[in-house]
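Colleague: Give me a model of this one.
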Amino acid sequence: MIDESINHSYPWVSTCGKDPVMPKIGMEPVRREALVRATISEIGQAGSLDVTVSQIARRAGMSSALAHHYFGGKAQIFLAAMRHILTEFGAEVRCELAAAPKHLRAEAIIRASFAPASFEKESIGAWMTFYVLAQTDAQALRLWRLYQRRLRSNLVHALRPVCPAPVDAADTLAALIDGLYIRAALHDPEAPDVARDHALRVLAMLKDQPA
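Modeller: All right, here's what the predicted structure looks like:
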């Protein structure tokens with residue numbers, strides 16, 4: 001069974017391409033969302049963490065004082081951006097899994113990991129920031145480990161019916177997904193299908209190993 005805990009951390013339900021039904025909400029959630037998206041855009045443009053709260057607030061169309069009011073500082077905004085890209089990744093995984101038969105769920109996770117949206121300039125910047133920030137910030141590291149645990153757990157569940165060594169195979173694939181993503185994002189972001197197909201070939205080999 002696929003690890004459903006991802007649904008609880010990512011509270012909005014993916015509509016798999018359909019227009020979501022938006023609840024009535026106040027201005028604070030809207031402004032927070034605008035600041036998070038502005039953060040991802042600014043990081044994507046800068047290609048680094050060297051962005052200011054003023055830049056983020058300006059892109060979001062509000063004052064830096066308001067940004068500080070909602071998040072407290074740049075580190076907290078970065079963490080919110082990390083949670084946002086994990087939310088989007090979780091939604092992509094759920095969409096792929098919903099359409100996949102049981103014996104092809106591992107392939108679905110791989111497709112979600114190399115979805116075209118993850119190779120947009122802003123998304124690449126956000127994911128690279130995620131990797132860098134996790135080296136120095138305890139909360140970022142906790143989020144990174146949570147992402148890794150859930151990726152591995154979902155892979156193990158997907159591989160149990162089709163692979164003789166699902167735990168070892170999941171460890172291999174989780175490491176491969178991260179490595180291939182970084183290489184593709186830095187060297188060939190226009191062709192994510194190359195990285196995806198590489199991961200799918202390795203998965204096929206793992207599934208064909210004798211018991």
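Colleague: In this protein, which helix is the longest?
Modeller: Secondary structure of the chain per DSSP state H: the longest helix is helix 74-99.
Colleague: which parts of it are buried?
Modeller: Buried residues in helix 74-99, counted by 16 or more other C-beta atoms under 10 Å: 74, 77-82, 84-97. Placement of C-beta: from N, CA and C, glycine included.
Colleague: Figure out how far the strand or helix carrying Ala65 is from the centre of its chain.
Modeller: Using DSSP states H and E, Ala65 sits in helix 64-71. Its chain's average C-alpha position is 25 Å from that of helix 64-71, according to C-alpha atoms, centre = their mean, to the nearest Å.
Colleague: Check stretch 51-71 too.
Modeller: Taking the mean of its C-alpha atoms, stretch 51-71 sits 24 Å from the chain's own mean (C-alpha atoms, centre = their mean).
Colleague: Give me the buried stretch members for it, please.
Modeller: 51, 53, 55-57, 59-60, 62, 67, 70-71.
Colleague: These in helices, which ones?
Modeller: Per DSSP H, the buried residues of stretch 51-71 map to helices at 53, 55-57, 59-60, 67, 70-71.
Colleague: which one of those residues sits closest to Glu120?
Modeller: Closest approach to Glu120 among those (C-beta to C-beta): Arg59, at 16.2 Å.
Colleague: what residues are up against the closest one?
Modeller: Neighbouring residues of Arg59 by C-beta atoms under 8 Å, 6 or more residues apart in numbering: 38, 41-42.
Colleague: mind exporting stretch 152-161 as PDB, just the C-alpha atoms?
Modeller: Written as PDB, here are the backbone C-alpha positions of stretch 152-161 (Å, rounded to 0.1, in the frame of the first residue of the first chain):
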ATOM      1  CA  ARG A 152      11.700   5.800  -0.100                       C
ATOM      2  CA  SER A 153       8.500   4.500   1.600                       C
ATOM      3  CA  ASN A 154       6.400   5.100  -1.400                       C
ATOM      4  CA  LEU A 155       9.000   3.300  -3.600                       C
ATOM      5  CA  VAL A 156       9.200   0.300  -1.200                       C
ATOM      6  CA  HIS A 157       5.400  -0.100  -1.200                       C
ATOM      7  CA  ALA A 158       5.200   0.200  -5.000                       C
ATOM      8  CA  LEU A 159       8.000  -2.300  -5.500                       C
ATOM      9  CA  ARG A 160       6.900  -5.000  -3.100                       C
ATOM     10  CA  PRO A 161       4.600  -6.800  -5.600                       C
END
